[in-house]
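Colleague: Model the following, please.
(one chain, ligands or ions: 1)
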Amino acid sequence: MSLVTQLICVSCNRRFSPRDIDYTCPDCGPVRGTLEVEYDYDAVRRELSREKLARNRNATHWRYRPLLPVERPEFIQPLAVGWTPLYRNDAFRDRLGIGAVWIKDDSRNPTASLKDRASSVGVVRALEKGAAAMTAASTGNAASSLSAFTALAGLPTYIFVPEHAPRAKLVQLLLFGAHVIKVRGTYDDAFDLCWQAAEKWGWYNRSTAINPYLGEGKKTAALEICEQLDWQVPDWVFVPVGDGCIFQGMWKGFKDAHRLGWIERLPKMIGVQAEGSAALADAWERGADTAGPIEASTFADSISVGLPRDQVKALKAARESGGGFVRVSDAEIAEALALLARHAGIMAEPAGAAGLAGLRKMAQQGRLGANDTAVVMVTGHGLKDIDGVQKAMQREAIVVEKALEDVEEKLKAIQRG
Ligand SMILES: *Cc1c(COP(=O)(O)O)cnc(C)c1O
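Modeller: Next up is the predicted model:
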């Protein structure tokens, strides 16, 4: 059923059958040995075309199923993942003096982050393998996403989160019924503990990057951008980056579309990192081929990562696409978050607004031309981290006595400034 032919190690090119391996290349290890998923593209071409897609009324990312690693479609859970809106935004175009800006709002997914694209695929793989339980390490969104899907699938789920994960994400996890294990440490500590637990108890591991199928789910964001722009490709794509899985996954999506002849050229991919969590940007600037570990610190928790787990593919994506990495300060992320609300009507969590901060920075540095077009990814919703969002604005409500005169007086005081 699945059109996956093989998995290829990104470091040593060793090839594996999908039946023989679940995670990473045994020779190259969990960070260097991430696996690329290869399809029978001729067979995909027979099942999927631009014309067939134009007639397909499935408004989820499963419209690209022949390009996804699914053997048994009956295991797909009934949540509407993907096919999120791509908004043209002329306010940002004009303010930045470039050709066009589009915003892809992936906060509009079932659990309010882009991670649903990956979890939806990961759960199918776990069920196909007959796994008895699933696990993940996460800064919050990957886990809360996974828990919704495993709840529907009836799979017990063990989640490892850093001690300081935002409360809304923890509540979401507990509500969906996951066993939540808070690790007294960072996301990186949670990641290592999760890996050990998965090995010991045989749980199917949805942790980012080490599971080769997650990036495949994330690539559908790129396929949608191509289709929504009527197969015209933007010059630039701005993606918030922590581990680098969304970034490399989307690059794979553009490459798949190109390989299938759906698009004629490829965009430049820009990974946007928080200054305090910029292991990939550091490596990029140094021309190094390994990134981290560093001590990560940013209020954008979803991109607070010391050792980027998808670093090999992410650095390769930046290189191959002619893009790169850019770093933005927490203040610049906060400013972008507020602008996104005012000029696009989108409430993003801090990490979710980092893509816009990156576009603003590069446009202000004159690195985009007057005719250049850009897509900005919004990856997660602001209600997931209300404390973080609150830091992005210095506004308070007006408090009044229960009398209209007081309302009038206070409003006048504001107008006087
Ligand atoms: C996970 C996440 C990211 C970063 O994705 P990586 O694959 O770790 O680079 C960015 N924004 C949000 C909202 C996320 O949840």
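
Colleague: mind checking pLDDT for residue 112?
Modeller: Looking at residue 112, its pLDDT reads 97.

Colleague: Without its sequence neighbours, what residue ends up closest to the residue in the stretch 1-150 of the chain that the ligand sits nearest to?
Modeller: The minimum distance from the stretch 1-150 of the chain to the ligand, using Cβ to the nearest ligand atom, falls at residue 141 (3.4 Å). Any C-beta I mention is one placed from the backbone N, CA and C, and that applies to glycine too. Leaving aside its sequence neighbours, residue 141 sits nearest to residue 113 (Cβ to Cβ, 6 or more residues apart in numbering; 4.0 Å).

Colleague: so what's the residue of the chain found nearest the ligand bridging to?
Modeller: At 2.7 Å from the ligand, residue 380 is the closest residue in the chain, using Cβ to the nearest ligand atom. Assessed by DSSP bridges, residue 380 has beta-bridge partners residue 113.

Colleague: What degree of burial does it show, as a neighbour count?
Modeller: With neighbours defined by other Cβ atoms under 10 Å, the count for residue 380 comes to 30.

Colleague: Close to the ligand: what parts of this structure are there?
Modeller: 113, 115, 141, 208, 240-247, 302-303, 349, 351-352, 379-380 (Cβ under 6 Å from any ligand atom).

Colleague: And the strands in the stretch 201-350 of the chain, which stretches?
Modeller: 204-205, 236-240, 268-274, 324-328 (DSSP state E, counting those that start in this stretch).

Colleague: Double-check that residue 94 belongs to a helix.
Modeller: Yes. Assessed with DSSP: H, G, I helix; E, B strand; the rest coil, residue 94 lies in a helix.

Colleague: Show me where the stretch 151-300 of the chain has its helices.
Modeller: Using DSSP state H, counting those that start in this stretch, the helices of the stretch 151-300 of the chain run over 167-176, 187-201, 214-218, 220-228, 245-259, 279-286.

Colleague: Now do the fifth one against strand 236-240: the angle between them, please.
Modeller: Between the axes of helix 245-259 and strand 236-240, defined by axes from the mean of the first three to the mean of the last three Cα atoms, to 10 degrees, the angle is 150 degrees.

Colleague: Which of the helices or strands spans the spatially closest residue to residue 261 that is not a sequence neighbour?
Modeller: Counting by Cβ to Cβ, 6+ apart, residue 45 is the residue found nearest to residue 261 once chain neighbours are left out, at 7.8 Å. Using DSSP states H and E, residue 45 sits within helix 41-47.

Colleague: which parts of that helix are buried?
Modeller: 41, 44 (16 or more other Cβ atoms under 10 Å).

Colleague: Then stretch 410-417?
Modeller: For stretch 410-417, using 16+ other Cβ under 10 Å, no residue counts as buried.

Colleague: go on, stretch 257-276?
Modeller: For stretch 257-276, by 16+ other Cβ under 10 Å, it's 257, 260, 262-263, 266-274, 276.

Colleague: ok, now stretch 359-376?
Modeller: Buried-residue list, stretch 359-376, by 16+ other Cβ under 10 Å: 359-363, 368, 372-376.

Colleague: Just those residues: which are in strands?
Modeller: 373-376 (DSSP state E).

Colleague: I figured residue 160 hits residue 195, correct?
Modeller: No. Counting by Cβ atoms under 8 Å, residue 160 does not reach residue 195; the two are 9.2 Å apart.

Colleague: Name the residues contacting each of those two.
Modeller: Residues touching both residue 160 and residue 195 by Cβ atoms under 8 Å, 6 or more residues apart in numbering: residue 137.

Colleague: out of those two, which sits in the busier spot?
Modeller: More neighbours surround residue 160 than the other of residue 160 and residue 195, with 27 against 18 (other Cβ under 10 Å).

Colleague: measure the more buried one to residue 291 for me?
Modeller: 22 Å (Cβ to Cβ, to the nearest Å).

Colleague: show me the contacts for residue 339.
Modeller: 92, 356, 360.
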